[in-house]
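**Student:** Predicted model and sequence below, questions to follow.
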Amino acid sequence: MPGYPVKHGRIAVRSLRRTLVIYLMLGCLLPLVLVGILTYSSIYSILSNKIKGGISATLMQEAANLENAVINLDLASKQFALDDQISNEVSDYLSLKDNQLYNKAQIMASIKEKMNLATFTNPYLGLTAYLELGEPGNAESVLFTNLNIGKTFSSSTLPEFIRYNGADYFGPHPTQYGSRSSLVLSAMRAVSDPGNRPLFIYMETHYSLIDNILNKQSYGMKVSHVLVNGNNQTVYVEDPELPQNIRDAISQNKIGDYQFLSSRHLFRYASSQGWQLIGVVHNSTFNSEIVDWLRNMILVALSTLVFAVLLAWLIWRHINRPLRKVNVEIVRMVENRSSQVSYTNVQEFNFVLENFQEMKDQINRMIHTVETNEKEKGRFEVEKLLSQINPHFLHNTLNTVQWLARMNGQQDIDKLVTLLIKVLHYNLGKKSLIVTVADEIDALRNYMDLQRIRYDCEFHYSLDSDDEALHVAVPRFLLQPLVENAIYHGTGDQGGKVAVTIRIKDDSWVTLRVEDNGTGMDQETADRLLTDDEAGRKRGLGIGLSYVHRMLKRYYGDQMKLGIVSEQNVGTVITIQIPIRRMEEFDD
């Protein structure tokens, strides 16, 4: 009965419906679990790296802005401290007596004008003041200022930041401007004074600059800052609840560019100016985006599970009938393999049935081919036997003619038959397809002697080879087609010559050259000889240049070169260049 396992031997075969439902459920649930695990790992890594990269980039941008603030203070303080005109005016002001009020007012106005001009052209500067150092332990006296500041001023109360380019930097600390509490960085630089008075220029950044630089909104999450001065002392902590062990680790310079400590992520930037900026992010804040993503993934996973169950039910409804149809067609093939399949109303199953029909047709063709091959097998066996008998019979017959010619004193016939036997033995024998140049030259000499007898000595030939080339391995029957073409095309008249030259080139190549002094040909005809085999087939045993070209391609590939140079009424030169190889290097 359907739905219950049916036993065939030791194998229990279950119904397709139950198996399909189980597999569909596993197919939906297992990928969902795997995708969830892999996606969580990948997304967590991506989001974590993205958050780290974003915090690091923003921290670097803040640090760069702080560095620029220090550089702006450095340049501006140098302008006021090293400008001789301003220094002279300050010195003149201090040299005037108390009753010279008009002159003092004029000098003060000039100095304040320059101070206002500097702060106007540089919006990143704030309070600027000239100070005179008092007795040890006393506050500095404020001489000139562009903004409201108390008459007494003490730099000893300011938090030290760094010593940079000859100036002392302080901060972050509340501005000295009025009653504002905005944080600023400040710088103090000694002023060149002709009277050698202890004069200093004091400058602050704009009262809103530090708040703008250390802006939490730029991170997109809650990030607190810690600023460490050049002496590894913490001068600014934005989060008052920062654990003490983290403060100690920062002060002792025990953290790297990134470190996770006490449920907090620490990002550090060390400035070349000597200070450090550290961003601190609580782990719950750091993982907030990941937690949101995980919550959404759980909702998606539950929705996908419900959808997968519904989809499994729908698939079963749509594939049950077509599957039965495919099963029927398989059974029909056993009974009648030539019958055409009948299709379903589902495109995908029709595609399977089309392939099934194509398989049936191919099987029928293969069966027919096997039957035909079996019939032809006997005929091929007979032809193979005849192809082995005919050359053997021809050799025996020629040997008989040879001995009859010798017995009757027919030396010309004896010589002709002897040469023919040698040529046939070389061309039709069982010798390897790879021979030496010496073997090829001996066979070529026999062939050309035979052709001289045939043409009544109407041409002359020469064979010249380097001794080093005699042991080079080459394919058998390489030169005879070239010489045959040379005889056919180049020795039509008395006095024809055929020259075969074999030379070693650069110790790596061998050049074979066949030259005749015949009527020659145009280049189009010469090119056709490389591909057209008809010319060679018209003469004796020759099989044409196309055979030589194919054989060279077979054994040497792109390493071989075959060229024809011909000139009408002058002659033709065929040149082959191949690499030097030994017998064992061929795959014959």
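**Tutor:** Received, thanks.
**Student:** I'd like to know how far Asn287 sits from Ser156.
**Tutor:** According to CB to CB, to the nearest Å, Asn287 stands 45 Å off from Ser156. All C-beta spots, glycine's among them, are computed from the backbone N, C-alpha and C.
**Student:** Show me what stretch 147-163 is in contact with.
**Tutor:** Under the contact criterion CB atoms under 8 Å, 6 or more residues apart in numbering, stretch 147-163 has outside partners 70, 126-129, 131, 139-142, 168-173, 176-178, 185-186, 188, 202, 229-231, 233, 235-236, 273-275.
**Student:** now stretch 548-564
**Tutor:** Contacts of stretch 548-564 (CB under 8 Å, 6+ apart): 475, 477-478, 481-482, 526-527, 529-531, 545, 572-579, 586.
**Student:** circling back: for PyMOL, what selects the buried ones among the contacts of stretch 147-163?
**Tutor:** In PyMOL syntax, the buried subset of the contacts of stretch 147-163 is picked out as below (16 or more other CB atoms under 10 Å):
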select buried, resi 70+126+127+128+129+131+139+140+142+168+169+170+171+172+173+176+177+185+186+188+202+229+230+235+236+273+274+275
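**Student:** Next up, phi/psi of Lys197, please.
**Tutor:** One correction, residue 197 is Arg, not Lys. Backbone torsions for Arg197, taken as degrees, to the nearest 10, come to phi -80, psi 150.
**Student:** Count residues in the vicinity of it, would you?
**Tutor:** Counted with other CB atoms under 10 Å, the neighbours of Arg197 add up to 14.
**Student:** who's in contact with it?
**Tutor:** Ser91, Leu94, Glu132.
**Student:** Distance-wise, check it relative to Lys97.
**Tutor:** Taken as CB to CB, the span from Arg197 to Lys97 is 16 Å.
**Student:** Rounded mean pLDDT for stretch 180-192, please.
**Tutor:** Averaging pLDDT along stretch 180-192 gives 85.
**Student:** Give me the contact list for stretch 289-298.
**Tutor:** So stretch 289-298 is contacted by Gly36, Thr39, Tyr40, Ile43, Tyr44, Leu47, Ser48, Ile51 (CB under 8 Å, 6+ apart).
**Student:** biggest helix in this protein by residues?
**Tutor:** helix 16-82 (DSSP state H).
**Student:** Check which residues of the helix or strand following that helix are buried.
**Tutor:** As assigned by DSSP states H and E, the chain's next helix or strand after helix 16-82 is helix 84-95. The neighbour-count check on helix 84-95 (16+ other CB under 10 Å) flags Ile86, Ser87, Glu89, Val90, Ser91, Asp92, Tyr93, Leu94 as buried.
**Student:** will you turn those into JSON lines that also has pLDDT?
**Tutor:** Converted to JSON lines, these look like this (pLDDT from 0 to 100):
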{"residue": "Ile86", "pLDDT": "73"}
{"residue": "Ser87", "pLDDT": "70"}
{"residue": "Glu89", "pLDDT": "76"}
{"residue": "Val90", "pLDDT": "74"}
{"residue": "Ser91", "pLDDT": "72"}
{"residue": "Asp92", "pLDDT": "73"}
{"residue": "Tyr93", "pLDDT": "75"}
{"residue": "Leu94", "pLDDT": "72"}
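**Student:** domain parsing for the protein?
**Tutor:** 52-220, 456-585 (automatic domain parsing).
**Student:** Save those domains as CSV, and put in distance to Met448 too.
**Tutor:** What follows is these, written out as CSV (distance: least, CB to CB, whole Å):
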stretch, distance to Met448
domain 52-220, 83
domain 456-585, 5
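**Student:** To Ile250, which of those domains lies closest?
**Tutor:** Ile250 lies closest to domain 52-220 among these, at 14.2 Å (CB to CB).
**Student:** Give the residue spans of the stretch 51-200 of the chain that score low on pLDDT.
**Tutor:** 84, 98, 134-139, 150-153, 179, 194-195 (pLDDT under 70).
**Student:** try 90 this time
**Tutor:** 51-56, 58-59, 62, 75-159, 165-166, 171, 173-183, 189-200 (pLDDT under 90).
**Student:** hmm, back to that, and Asn287 and Ser156? which has more neighbours close in?
**Tutor:** Asn287 (18 against 8).
**Student:** in this structure, which spans are helices?
**Tutor:** Using DSSP H, the helices found in the chain span residues 16-82, 84-95, 101-121, 209-213, 244-251, 283-286, 288-335, 347-407, 411-428, 437-454, 480-490, 523-529, 534-537, 545-556.
**Student:** Verify the stated contact: Ala118 with Ser77.
**Tutor:** No - using CB atoms under 8 Å, Ala118 makes no contact with Ser77, being 10.1 Å away.
**Student:** more neighbours, those two?
**Tutor:** Set side by side, Ala118 and Ser77 show more neighbours around Ser77, with 26 against 17, by other CB under 10 Å.
**Student:** and the gap between the more buried one and Gly178?
**Tutor:** Distance from Ser77 to Gly178, counting by CB to CB: 22 Å.
**Student:** Please apply the same query to Asp211.
**Tutor:** From Asp211 to Gly178 the distance is 16 Å (CB to CB).
**Student:** which residues sit against stretch 65-84?
**Tutor:** With CB under 8 Å, 6+ apart, stretch 65-84 has contacts from 86-87, 114-115, 118, 122, 124-125, 128, 130, 162, 164-165, 167, 169, 185-192, 201, 203, 205, 209-210, 213, 271-273, 275, 277.
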